[in-house]
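[1] The following comprises the amino acid sequence and a computationally predicted model.
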Amino acid sequence: MKTLIKNVKIVNEGKIVEGDILIENDLISKIDSQISEEADQIIDGSGKYLLPGVIDDQVHFREPGLTHKGEIETESRAAIAGGTTSFIDQPNTVPNAVTQELLADKYEIAAQKAYANYGFMMGGTNDNLEEVLKTNPRNVPGIKLFLGSSTGNMLVDNPETLENIFSNTKMLIAVHCEDEATIRANTQKYVDEYGEDIPVKFHHLIRSEEACYKSSSKAIELAQKTGARLHVFHLSTAKETELFRNDIPLKDKKITAEVCVHHLTFTNEDYETKGGLIKWNPAVKTQKDKDGLWEALLDDRIDVIATDHAPHTWEEKQNVYTKCPSGAPLVQHSLVVMLENYKNGKISLEKIVEKMAHNPAILFRVEKRGFVREGYKADLVLVDLNENWTVEKENLLYKCGWSPLEGMNFHSKVTHTFVNGNLVYENGKINEQKFGERLLFEVQE
């Protein structure tokens, strides 16, 4: 099968060049200023931009065990509609993916149901070191540790266990950093004052800057001591950005950071209108924090943009503060949110591609993806930067059926998505055949 994409502006590796791309089967076979080969399908991309598909390094697609909120099938379908062609899912499903067998079960489900390429993190607990060390670095992206108990019972708070994991694995360790004792004390203070129905506007003071900084600085200290590869998920404070460096290339960094779309979009001021819909762990914080995250993203202290896509039902989100779960769906809209920031002059297209495709590929050592290169997998996205539309219930593909972005207007649209050379999404229509593959990772001795 040959597909020829003509007359597009290719955004890749810090440059934008006009040209054509030839896809043969699942690979990019040729990139040139003009290609005149015969092809089974020809797509005229005049006026459009072609990007490598987004690699989202942190999602919660809820399968198995929490499928009333979302499924690998529904959420990966939403992903390809938004230009995300590969995802890395987290282990706090039910049961938690904390044994090799349970991890293998998730891969089996995805092999049948995923519209996008997939990887699943192995979960660490206080007592599964042996299982963690059996993880195969060739086909599993890394180890996930919750250093704050966000969801489920995966809190790893035993210092000896942590040191053991950090000292004994060469795999990337991704961490959720919030200090549990700080959060518990803060929660108690507000419960004493308000009972269960704490106004959500206090969420960022309960899951505070102090809770985040205390935990992430400790994790970094441990990584420096043991030489572990550490990736800190979803930074939410300006203060934490000071812990990261930008004076060496990403491929040489052992300690890296991610920011999520919502921490670049919302602040605590938005609790007033959005309420529990924007309750995340870690919390969206102040304007000062948002500004600090943007600054660190643009000067390369922060390496990756992700979503932490975490759907809950509308009903669950209407509960009182202490019973309202944290998390929201974002994977269908992460790229257009960032393109809107480009339109507003905050970030370049090249930088968006770097943080959402190139860098996740470099950081996780994803094999042959994340770049528009000959011989690489054809995971590609075409975007129209001049199309206005609004997020509405009718155009949402999440199983939960709502989005914190409802009512927002966007001025760019994903028009085509390719996964492994297959056109899986075109102008609102999804190809119901599933072409997602298991991600593979380069193992460095």
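    It's in.
[2] Give me the helices and strands touching the longest helix along the chain, please.
    Under DSSP state H, the helix in the chain containing the largest number of residues is helix 209-226. Identification of packing neighbours for helix 209-226 by 3 or more C-beta pairs under 8 Å, 6 or more residues apart in numbering; DSSP states H and E yields helix 159-168, strand 173-176, helix 180-194, strand 230-232, helix 238-241, strand 255-260. Quick note: C-beta positions are derived from backbone N, CA and C, even for glycine.
[3] Dump those to JSON lines, plus mean pLDDT.
    As requested, these are exported to JSON lines (pLDDT from 0 to 100):
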{"stretch": "helix 159-168", "mean pLDDT": "92"}
{"stretch": "strand 173-176", "mean pLDDT": "97"}
{"stretch": "helix 180-194", "mean pLDDT": "96"}
{"stretch": "strand 230-232", "mean pLDDT": "98"}
{"stretch": "helix 238-241", "mean pLDDT": "98"}
{"stretch": "strand 255-260", "mean pLDDT": "98"}
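[4] just to revisit the earlier point, just how off-centre is the longest helix of the chain within its chain?
    21 Å (C-alpha atoms, centre = their mean, to the nearest Å).
[5] Now do that helix against strand 255-260, angle only.
    Put simply, helix 209-226 runs at 150 degrees to strand 255-260, going by axes from the mean of the first three to the mean of the last three C-alpha atoms, to 10 degrees.
[6] With mean neighbour count and distance to Leu330 as extra columns, can I get the helices and strands packed on helix 209-226 in CSV?
    Rendered in CSV, the data for the helices and strands packed on helix 209-226 read as follows (neighbours: other C-beta atoms under 10 Å; distance: least, C-beta to C-beta, whole Å):
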stretch, mean neighbour count, distance to Leu330
helix 159-168, 16, 29
strand 173-176, 26, 16
helix 180-194, 14, 23
strand 230-232, 25, 19
helix 238-241, 21, 21
strand 255-260, 24, 8
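[7] Rebuild the ones you listed as a markdown table, extending it with distance to Lys377.
    What follows is those, written out as a markdown table (distance: least, C-beta to C-beta, whole Å):
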| stretch | distance to Lys377 |
| --- | --- |
| helix 159-168 | 31 |
| strand 173-176 | 23 |
| helix 180-194 | 40 |
| strand 230-232 | 23 |
| helix 238-241 | 32 |
| strand 255-260 | 23 |
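[8] Select, out of these, the one closest to Gly327.
    Gly327 sits nearest to strand 255-260 of all these, at 10.7 Å, using C-beta to C-beta.
[9] Adjacent strands (with direction) for the closest one?
    According to DSSP bridges, strand 255-260 has the following sheet partners: strand 230-232 (parallel), strand 304-306 (parallel).
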